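Undergrad: Build me a model from this:
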Amino acid sequence: MYNKTVILVLAFLLACLQLIGNPRKITLLDEGWKFLFKDVKAAASPGFNDTDWETVTVPHDWAFNKPFNMNID
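TA: Model (predicted):
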């Protein structure tokens, strides 16, 4: 019984140390988004020129500025 208690306490302490040693990092993804209404294969490439793209805020609805289309919406 003593051995099980010691093992459980040690396991709990190790779990607590793991939480303390690796603090959570929060990355906000609400700025710096651009949008273009077409598929551009090279857009994921570093250094891609997106100056002509529309700057948007997240969440964004691409259909908001377009006329209503029953086939899409």
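Undergrad: And the least confident helix or strand in the chain by mean pLDDT, how far out from the chain middle?
TA: Comparing every helix and strand of the chain by mean pLDDT, DSSP states H and E singles out helix 2-21 as the least confident one, with a mean of 79. Between the centre of helix 2-21 and the centre of its chain there are 32 Å (C-alpha atoms, centre = their mean, to the nearest Å).
Undergrad: Show me the shaky parts of this protein.
TA: The model of the chain has pLDDT under 70 over residues 1, 19, 21-22, 60, 63-65, 72-73.
Undergrad: could you redo the last one with a cut-off of 90?
TA: Where the chain drops to pLDDT under 90, the residues are 1-39, 41, 44, 54-73.
Undergrad: number of nearby residues for A43?
TA: By other C-beta atoms under 10 Å, 13 other residues sit near A43. All C-beta atoms are positioned from the backbone trio N, CA, C, and that covers glycine.
Undergrad: what sits against it?
TA: With contacts defined as C-beta atoms under 8 Å, 6 or more residues apart in numbering, the neighbours of A43 are L36, D50.
Undergrad: let's see it at 6 Å
TA: If you count contacts by C-beta atoms under 6 Å, 6 or more residues apart in numbering, A43 has none.
Undergrad: Centroid-nearest residue for the protein?
TA: With distances taken as C-alpha atoms, centre = their mean, L29 lies nearest the centre of the chain, 6.2 Å away.
Undergrad: which one is that residue nearest to, not counting chain neighbours?
TA: What sits nearest to L29 in space, not counting adjacent residues and going by C-beta to C-beta, 6 or more residues apart in numbering, is V58, at 6.7 Å.
Undergrad: All good on my end, thank you.
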